[in-house]
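S.K.: Just to be clear, the model below is a prediction. Sequence and coordinates:
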Number of protein chains: 2
Amino acid sequence: MTTTTASTRLFHFIAGRAGPWIVERNICIFGDPLPWAPRLAVVADAPDGSPDPHVWQLRGITSNERYVTRNEKIALLAKQEGLGRAQATHAALIPIRKKAAWWAMTQDERRHILEEQSQHIAIGLKYLPAIARRLHHCRDLGGDQPFDFITWFEFAPADTGAFNELLAALRASPEWKYVDREVDIRLNQASGRPFRVFRRVARSGLE
Amino acid sequence: MTTTTASTRLFHFIAGRAGPWIVERNICIFGDPLPWAPRLAVVADAPDGSPDPHVWQLRGITSNERYVTRNEKIALLAKQEGLGRAQATHAALIPIRKKAAWWAMTQDERRHILEEQSQHIAIGLKYLPAIARRLHHCRDLGGDQPFDFITWFEFAPADTGAFNELLAALRASPEWKYVDREVDIRLNQASGRPFRVFRRVARSGLE
């Protein structure tokens, strides 16, 4: 059971000339940038990624929650909506790496900075259901991983300002002092939601 | 910096006819067994594992702590000793998988069962420094992983009884109701600590 879930938890983010998402902007916030590519595809269940030529490829795996408490989870579940909504034609891909000092902290220390000092969970809650998200972990995939996390966000064009507010609040928080690499890639679908196979793949990872 | 650390955090456990560790016993506690093999090697920094023939191979990655608080960490650091001690010629390899119900819980719920109900950290502390250990995570490596964790223990032959007590205490705890696969493999080195290269490799992963 666990093994079946594991394979459907791994997602590939493939930037190149193909893919349903049009890249609008690719801005490096901290550290090394990612090269420009005009298109992006998000693919689940492709152990070797894309056989097609690509400019770069990142991998991330959805996992159990590391900080959220049951009361916070109840509040999140009451407000959040899934990926793949027809009106959510804009997206953001934000890969992040945190400093060694973050990972050297114990669980209570990281939770204290993430929520009691930075309100990371409360800030996300404030922008639900407008901003849907899925968090992917990279740090424990093995091999040389350029990022620790990849977050994928989806929202309607009218909520772009709200999304920028959300990011500004997080980036101003004490937690962000521990970020040493961050790239902010904005995407859209010119002609609404993409073809069926992609919608199925995107929804299969929502748990 | 993170990427360099990541590659030295991944360990391969290779069972077959070669390797410095002699397998004494291979007992299945819950779920499917692992096949018998007479020898075991623990290898770091080998992305593709062993090119030699082997019976089975498991991978695990050391990572940040998920439950330990700063006060508990101070107590552990004050008592614990590393792997690779000359007198610690006995070892155990215990891969474990937990049920989906465990992973569906929030962080506070898992911590409550692991420590407040089961004293997992306190039980480990009680057997320090006799029983040295290193925890490896498998669940977020990607691909089909047969286990969620692999723990490697080392102790002197005279501490075998203490080690069995430690396991009995954990297996009787509420946390173990969430274990659905566990194999208990006991090993020893007939002629003391193995060759130098293995000692170097084992020590490099202690952080």
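M.R.: Great, that's in hand. Residues are numbered from 1 along each chain as shown, chains lettered A, B, ... in the order given.
S.K.: all strands of chain A, in order?
M.R.: Along chain A, the segments classed as strands by DSSP state E run A:10-16, A:21-30, A:39-44, A:56-61, A:90-98, A:132-137, A:149-155, A:179-188.
S.K.: a markdown table for those, including mean pLDDT, distance to chain B and mean neighbour count?
M.R.: Where C-beta positions appear, they are placed from N, C-alpha and C, glycine not excepted. Formatted as a markdown table, those follow (pLDDT from 0 to 100; distance: least, Cβ to the nearest Cβ, whole Å; neighbours: other Cβ atoms under 10 Å in any protein chain shown):
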| stretch | mean pLDDT | distance to chain B | mean neighbour count |
| --- | --- | --- | --- |
| strand A:10-16 | 96 | 5 | 22 |
| strand A:21-30 | 98 | 13 | 15 |
| strand A:39-44 | 95 | 12 | 20 |
| strand A:56-61 | 97 | 5 | 20 |
| strand A:90-98 | 98 | 6 | 22 |
| strand A:132-137 | 98 | 6 | 19 |
| strand A:149-155 | 98 | 11 | 21 |
| strand A:179-188 | 98 | 8 | 20 |
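S.K.: biggest helix in chain A by residues?
M.R.: Selection of the longest helix in chain A by residue count, based on DSSP state H, yields helix A:160-171.
S.K.: Could you export the strands of chain A to TSV, including columns for distance to residue A:72?
M.R.: Formatted as TSV, the strands of chain A follow (distance: least, Cβ to Cβ, whole Å):
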stretch	distance to residue A:72
strand A:10-16	24
strand A:21-30	26
strand A:39-44	26
strand A:56-61	22
strand A:90-98	21
strand A:132-137	14
strand A:149-155	17
strand A:179-188	22
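S.K.: what stretches of chain A score poorly on pLDDT?
M.R.: Chain A contains residues with pLDDT under 70 at A:1-7, A:46-51, A:190-207.
S.K.: middle-most residue in it, spatially?
M.R.: residue A:151 (1.0 Å; Cα atoms, centre = their mean).
S.K.: between the longest helix of chain A and strand A:132-137, how many degrees?
M.R.: Orientation of helix A:160-171 against strand A:132-137 (axes from the mean of the first three to the mean of the last three Cα atoms, to 10 degrees) gives an angle of 40 degrees.
S.K.: which of the residues in helix A:160-171 are buried?
M.R.: Across helix A:160-171, burial judged by 16 or more other Cβ atoms under 10 Å in any protein chain shown covers A:163, A:166, A:167, A:169, A:170.
S.K.: again with stretch A:118-138
M.R.: Buried residues in stretch A:118-138, counting neighbours by 16+ other Cβ under 10 Å, are found at A:118-121, A:123-124, A:127-128, A:130-134, A:136-138.
S.K.: Could you find the closest non-adjacent residue to residue A:130?
M.R.: residue A:159 (4.4 Å; Cβ to Cβ, 6 or more residues apart in numbering or on different chains).
S.K.: wait, the one you found sits on residue A:131?
M.R.: Yes. With contact defined as Cβ atoms under 8 Å, residue A:159 reaches residue A:131; the gap is 6.5 Å.
S.K.: quick one, what contacts residue A:102?
M.R.: For residue A:102, the contacting residues are A:110, A:178, taking Cβ atoms under 8 Å, 6 or more residues apart in numbering or on different chains as the criterion.
S.K.: Can you measure across stretch A:117-131, start residue to end residue?
M.R.: Stretch A:117-131 has its terminal residues 22 Å apart, counting by Cα to Cα, to the nearest Å.
S.K.: and the end-to-end length of stretch A:149-162?
M.R.: Stretch A:149-162: ends 22 Å apart by Cα to Cα.
S.K.: Quick one: distance of it to the chain centre.
M.R.: Centroid displacement of stretch A:149-162 relative to its chain, using Cα atoms, centre = their mean, to the nearest Å, is 10 Å.
S.K.: List the contacts of that stretch.
M.R.: Taking Cβ under 8 Å, 6+ apart as the rule, stretch A:149-162 contacts A:11, A:13, A:42, A:58, A:60, A:83-85, A:87-98, A:127, A:130-139, A:163, A:188.
S.K.: Could you report the neighbour count for residue A:146?
M.R.: Applying other Cβ atoms under 10 Å in any protein chain shown, we find 17 residues neighbouring residue A:146.
S.K.: now residue A:52, nearest residue through space, not along the chain?
M.R.: For residue A:52, ignoring the flanking residues on the chain, the nearest one in space by Cβ to Cβ, 6+ apart is residue A:18 at 5.9 Å.
S.K.: which ones are touching that neighbour?
M.R.: By Cβ under 8 Å, 6+ apart, the contact list for residue A:18 reads A:39, A:41, A:52.
S.K.: of those, closest to residue B:113?
M.R.: Closest approach to residue B:113 among the contacts of residue A:18 (Cβ to Cβ): residue A:41, at 39.7 Å.
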